[in-house]
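**Q** I'd like to go over a predicted model; first the sequence, then the structure.
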Amino acid sequence: RAWGSAILDEAHVLATAAVRQDAEQTTSLMALLQSVPRRLLLTGTPVENNPAELLTLLSFVAPRLFTASGKGSRASLSALFSSVGKGDGVACAPKVAKVQQLMRPFVLRRLKQEVLSALPPKTEEVAVVRMPPAQGAAYSETVARIAAQQRETLERWARRKAADRAELDAGCEEEVD
């Protein structure tokens with residue numbers, strides 16, 4: 001069954017797939033979604049923090065635009081994006097402006113202070129949920145095991161400290177006339 005649209009939340013995860021343990025799953029997901037004509041990526045992470053990750057996301061959203069050959073090729077864009085932030089601020093300003101111009105049609109950036117007044121007040125609710133008997137037993141057993149391990153460790157440290165102290169005291173005895 002073909003999908004007409006895909007909306008992915010926490011999209012910054014796609015950009016860091018290569019360094020994570022689930023990289024194969026993420027790569028498979030990206031391959032599966034390549035046939036989806038409309039893609040929307042949502043993230044709360046500032047994507048401009050890492051230009052290489054931003055390029056990965058842009059390549060996913062608009063593959064024809066960001067993987068074509070020539071001036072817009074992935075290699076030339078990668079060189080541009082990776083050079084942002086290197087060197088002094090004055091030399092980087094044109095590169096930053098170019099990257100911002102490239103990403104402007106693809107990024108809707110809303111700052112917290114812009115939307116804060118539209119958010120409802122924060123509410124908190126505490127709900128006490130009882131564990132099923134099997135889970136409660138496993139929890140109690142785990143807590144008891146950890147407590148026993150901690151007691152054993154503390155006792156071992158106390159014995160070691162006492163032994164070290166006795167050894168020190170034995171070497172410091174003075175004869176009293």
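**A** Great, that's in hand.

**Q** Show the contacting residues for the closest residue to residue 8 other than its chain neighbours.
**A** Of all residues not flanking residue 8 in the chain, residue 41 sits nearest, at 5.3 Å (C-beta to C-beta, 6 or more residues apart in numbering). For the C-beta atoms, the positions are set from N, CA and C on the backbone; glycine is no exception. By C-beta atoms under 8 Å, 6 or more residues apart in numbering, residue 41 lies in contact with 8, 11, 14, 57, 60, 61.

**Q** Tell me the backbone dihedrals of residue 41, please.
**A** phi -110, psi 130 (degrees, to the nearest 10).

**Q** that older thread, and the contacts of residue 41, which are buried?
**A** 8, 11, 14, 57, 60, 61 (16 or more other C-beta atoms under 10 Å).

**Q** will you turn these into JSON lines that also has secondary structure and pLDDT?
**A** As requested, the buried ones among the contacts of residue 41 are arranged in JSON lines below (DSSP: H, G, I helix; E, B strand; the rest coil; pLDDT from 0 to 100):
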{"residue": "8", "secondary structure": "strand", "pLDDT": "87"}
{"residue": "11", "secondary structure": "coil", "pLDDT": "81"}
{"residue": "14", "secondary structure": "helix", "pLDDT": "77"}
{"residue": "57", "secondary structure": "helix", "pLDDT": "79"}
{"residue": "60", "secondary structure": "helix", "pLDDT": "79"}
{"residue": "61", "secondary structure": "helix", "pLDDT": "81"}
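
**Q** Need the residues you listed in a markdown table (columns: distance to residue 153).
**A** Shown next, in a markdown table, are the buried ones among the contacts of residue 41 (distance: C-beta to C-beta, whole Å):
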| residue | distance to residue 153 |
| --- | --- |
| 8 | 45 |
| 11 | 44 |
| 14 | 43 |
| 57 | 47 |
| 60 | 49 |
| 61 | 52 |
